[in-house]
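**Student:** Next input, structure requested:
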Amino acid sequence: MTQPVHGWRSHYALLILLFVYTMSFIDRQIMGILVQPIKQEFGVSDTAMGLLTGLAFALFYSVLAIPFGRYADRTNRRNFVAYCCAAWSVMTALCSMATGFWTLALARMGVAVGEAGGGAPSISMIADHYPPQQRGRAMSIYMLGPQLGILLGLVLGGWIAQHYGWRSAFLTMSVPGVLGALLLRFTSVEPRRGTWEMAAGGAAAPATESLRVVLRDLWASRSFVSITVAVMLMNFIGYGIGIWTPAFLVRSHGMTLQSAGAVMGIVGGLAAVSGALASGWLSDALAKRDPRWRLGVPLLGCLLTLPTGVAFYLMPAGDAWMIGSFALPRAIGFYLLFGFTAVWWTAPVYAVLAGLIVPHRRATALAVFNLVITLIGGGLGPLAVGMLSDLLVPHFGNEALRWALATGTAAGFLLGSLAFALALRAYSQSLRRHAT
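**Tutor:** Numbering: from 1, shown residues only. You can find the predicted model right below:
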């Protein structure tokens, strides 16, 4: 059978999907830089803001991801992702018109509904655009979306919020998403489903099986379950960090919204971009020697991230580098190291999942995966940090958020290391079974 060919069309589609993913993350994470002014205007607690930025969003995002994933396994994925991108961009614009906490919550739920149809079908498309041996690198490009979203969303969002208010930030950031939807729908291609598996002699079966069968097989896969648990823990602390770190820089280091956004966006974003690319290339290179490195790289990332993350949050205020008139806290040095290794799990994990899941159920299975990691990890992470911060106020006052983030970081990456070690063991057993 003739090998399928990928070239500029695949690379172009990957870049457009990256742009769409970046916009989804800007629309999702812009709340991080806007927490403080929204909290002050609406007069709500950290717990309420944690609920708004975490569970309320994640509930709709994760639950709807499964029916959307099932639909994407049966239809044109390119068109579906484009329509979802247009929908969440419009809902982001509506956030700027909120008259109170609950109207903002309804608009954020609308953003979640739109974004529920973006991730899993996009990853399914990338797996069909690229052969297995190149998927780590391809996924590392796609997984730049969150990092670029942080960089652009926090820097631009912080600047707009500082000068024009938080409502203008929402409205401005909604516009590029509509452009991304149009580019994806009218200029990119939908790849043939299962093209590389068929070239290797496999069959791309139609998606006629029931959801119950898919769920049963996923539950029976120790590799899938253990990877899901590990990433759930990464999302738990990752979303908590992403939402609350700008507020931490404002409260504990006395930074303005604009400067906090610039630090998180430029320093953290560039570090995460470099880390995401490094993990994809590293996992592809090491997997040629031993495929277990696909999960060994995320494990190594967790172990390296734990000490630098705790050091970042616990380093005292007042110690800063002066860059002209701008005071940059020395703690940012640890944040640079922290941001580089904290994302080492993203590209390798999705490359592993693309290989474990058969093509005709990829979008469905990835939607199930996203449900667990988003609902439990992303949904409860910001809420848990907000609640812990409120609980620690009697003991630490204005520094309560610092200790909440430090505690969450230490626990999250320690448990994440253990979970990836267990996932590596299950994956090794799976590889041995397939080799015999």
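
**Student:** right, and the helix or strand after the helix or strand T22 falls within?
**Tutor:** T22 belongs to helix 8-29 when assigned by DSSP states H and E. As assigned by DSSP H and E, the chain's next helix or strand after helix 8-29 is helix 31-42.

**Student:** Need the contact partners of the next helix or strand after that next one.
**Tutor:** Downstream of helix 31-42, the next assigned helix or strand under DSSP H and E is helix 46-50. Contacts with helix 46-50, where a contact means Cβ atoms under 8 Å, 6 or more residues apart in numbering, come from 35, 38-39, 101, 243, 382-387, 389-390, 401. Every residue, glycine included, has its C-beta placed from N, CA and C.

**Student:** how about low-confidence regions in the stretch 251-400 of the chain?
**Tutor:** 320, 322-327 (pLDDT under 70).

**Student:** where do the helices sit along it?
**Tutor:** Secondary structure of the stretch 251-400 of the chain (DSSP state H, counting those that start in this stretch): helices at 257-262, 269-287, 293-314, 331-341, 346-356, 362-372, 379-396, 400-435.

**Student:** Let me know the angle separating the third one from helix 269-287.
**Tutor:** Here helix 293-314 runs at an angle of 150 degrees relative to helix 269-287 (axes from the mean of the first three to the mean of the last three Cα atoms, to 10 degrees).

**Student:** Could I get the buried residue list for helix 293-314?
**Tutor:** 293-306, 308-313 (16 or more other Cβ atoms under 10 Å).

**Student:** where in the stretch 101-250 of the chain is pLDDT low?
**Tutor:** Applying pLDDT under 70 to the stretch 101-250 of the chain flags residues 196-208.

**Student:** Quick one: the helices in it, in order.
**Tutor:** 101-115, 119-129, 135-142, 144-164, 166-187, 195-199, 211-220, 222-253.

**Student:** Nearest to R70, out of those helices?
**Tutor:** Of all these, it is helix 211-220 that lies closest to R70, at 6.4 Å by Cβ to Cβ.

**Student:** For that closest one, give me every contacting residue.
**Tutor:** Helix 211-220 is contacted from outside by I66, R70, F224, V225, R361, T364, A365, V368, using Cβ under 8 Å, 6+ apart.

**Student:** how near is the third one to A87?
**Tutor:** I take that to be F224. 29 Å (Cβ to Cβ, to the nearest Å).

**Student:** And these two? Which one has more around it.
**Tutor:** The residue with more neighbours, out of F224 and A87, is F224; 23 against 20, by other Cβ atoms under 10 Å.

**Student:** Spatially nearest residue to the more buried one, not counting backbone neighbours?
**Tutor:** Sequence neighbours aside, L218 is the residue nearest to F224 in space, at 5.3 Å (criterion: Cβ to Cβ, 6 or more residues apart in numbering).

**Student:** what about the one you found, how many neighbours?
**Tutor:** 18.

**Student:** With R361 as the reference, measure out to it.
**Tutor:** Computed as Cβ to Cβ, the L218 to R361 distance reads 9 Å.

**Student:** Name all residues that make contact with the most centrally placed residue in the chain.
**Tutor:** Centroid check for the chain by Cα atoms, centre = their mean gives P146 as the closest residue, at 5.3 Å. By Cβ under 8 Å, 6+ apart, the residues touching P146 are Y21, F25, Q29, A272, V343, T346.

**Student:** again, only this time at 10 Å
**Tutor:** 21-22, 24-26, 28-29, 153, 238, 242, 269, 272-273, 276, 343, 346 (Cβ atoms under 10 Å, 6 or more residues apart in numbering).

**Student:** which of the residues you listed tops the neighbour count?
**Tutor:** G153 (29 neighbours).

**Student:** That one touches F25, doesn't it?
**Tutor:** Yes. G153 is within contact range of F25, at 7.0 Å (criterion: Cβ atoms under 10 Å).

**Student:** can you put the contacts of helix 46-50 in TSV and add neighbour count and distance to L171?
**Tutor:** Below are the contacts of helix 46-50 laid out as TSV (neighbours: other Cβ atoms under 10 Å; distance: Cβ to Cβ, whole Å):
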residue	neighbour count	distance to L171
V35	23	18
I38	20	14
K39	18	20
F101	17	19
I243	26	21
P382	30	23
L383	25	27
A384	21	30
V385	31	28
G386	28	26
M387	17	31
S389	27	29
D390	17	31
L401	26	28
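
**Student:** Could you give the number of residues near the residue lying closest to G158 once chain neighbours are set aside?
**Tutor:** Using Cβ to Cβ, 6+ apart and skipping the chain neighbours, the partner closest in space to G158 is G261 (2.1 Å). Number of residues near G261 (other Cβ under 10 Å) recorded here: 31.

**Student:** same deal with H163?
**Tutor:** By other Cβ under 10 Å, the residues close to H163 number 11.

**Student:** next one: I16
**Tutor:** Neighbours around I16, by other Cβ under 10 Å: 21.

**Student:** any idea how far Y142 is from it?
**Tutor:** From I16 to Y142 the distance is 11 Å (Cβ to Cβ).

**Student:** Now for these two: what residues contact both?
**Tutor:** In contact with both I16 and Y142: S122, using Cβ under 10 Å, 6+ apart.

**Student:** related to what we said a few turns ago, the helices of the stretch 251-400 of the chain: which one's closest to F57?
**Tutor:** helix 379-396 (7.3 Å).

**Student:** Okay, angle between the closest one and helix 222-253 too, please.
**Tutor:** On the basis of the same axes, to 10 degrees, helix 379-396 is oriented at 40 degrees to helix 222-253.

**Student:** Done for today, thanks.
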